[in-house]
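Student: would you be able to build a 3D model of this:
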Amino acid sequence: MSTRQLNLLGALACASMLAYAYYTQYVGLLDPCPLCIFQRIGIFALGIVFTLAALQNPQLTGRRVYAFFIFAAAATTIGIAIKHLYIQSLPPGSVPVCGASLKFMMKVLPLSEVVSKVLNGSGECAKVTWRFLGLAMPGWVLIGAAGLGGFGLWANLRPAPAAASPAAARG
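Tutor: Prediction:
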């Protein structure tokens, strides 16, 4: 497969993860907490980088740049998922109380304060309302982001496949 096709595959995987997140929200009626929303933003950013890499289909230097941005988006998403899993693992009495909604905070606070408050977590982020094979949603996001990050690094840092020569094509 070409680098373009692999990047497109990464973008489709990100779109699939987001589609499932929205399915659980609107069909499964599971409202996302602020940390869940930040993880969605991370997967969205990862998907955008994959999409841009697929559309541009750059040479070696460009592929290295895209690999860096894929790594950065994946690592940020992984960090948020780890923080979310940590909050979910805290004993019931040690979780911070639920704060204002993300929508309200976005209206009244500067963005830097919103990010700081969300990353500190709150009681709503400690609730585990969904599990699959024993893992809560942030655990699966962590696995997905790590897999996509590794995949994106491999796809963009591997040697480009050699083009077939005209003689080989004639057979």
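
Student: any idea which helix is longest in the protein?
Tutor: What stands out as the longest helix in the chain, according to DSSP state H, is helix 60-89.

Student: could you pull out the buried residues of that one?
Tutor: 63, 66-67, 69-71, 73-74, 76-81, 83-85, 87-88 (16 or more other C-beta atoms under 10 Å). All C-beta spots, glycine's among them, are computed from the backbone N, C-alpha and C.

Student: quick one: buried residues of stretch 45-57?
Tutor: Neighbour-count burial for stretch 45-57, with 16+ other C-beta under 10 Å as criterion, is recorded at 45-47, 49-51, 53-54.

Student: which of those lies closest to G28?
Tutor: Nearest to G28, judged by C-beta to C-beta, of the buried residues of stretch 45-57 is G47 at 21.5 Å.

Student: who touches that closest one in this structure?
Tutor: When contacts are counted by C-beta atoms under 8 Å, 6 or more residues apart in numbering, G47 touches 10-11, 14-15, 18.

Student: what residues of the one helix or strand A155 maps to count as buried?
Tutor: Element membership for A155 (DSSP states H and E) is helix 137-157. Counting neighbours by 16+ other C-beta under 10 Å, one finds that the buried residues in helix 137-157 are 137-142, 144-145, 148-149, 151-153, 155-157.

Student: low-confidence ranges in the protein?
Tutor: Judged by pLDDT under 70, the chain has its weakly predicted residues at 93-104, 114-125, 160-171.

Student: nearest residue to the middle of it?
Tutor: Centrality entry for the chain: nearest residue to the mean C-alpha point is I43, 2.5 Å, by C-alpha atoms, centre = their mean.

Student: could you report the separation of that one from L90?
Tutor: With distances taken as C-beta to C-beta, to the nearest Å, I43 is found 24 Å from L90.

Student: follow-up on the earlier one: need the contacts of G47 in TSV with secondary structure and distance to P58, can you?
Tutor: What follows is the contacts of G47, written out as TSV (DSSP: H, G, I helix; E, B strand; the rest coil; distance: C-beta to C-beta, whole Å):
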residue	secondary structure	distance to P58
G10	helix	15
A11	helix	15
C14	helix	19
A15	helix	21
L18	helix	25
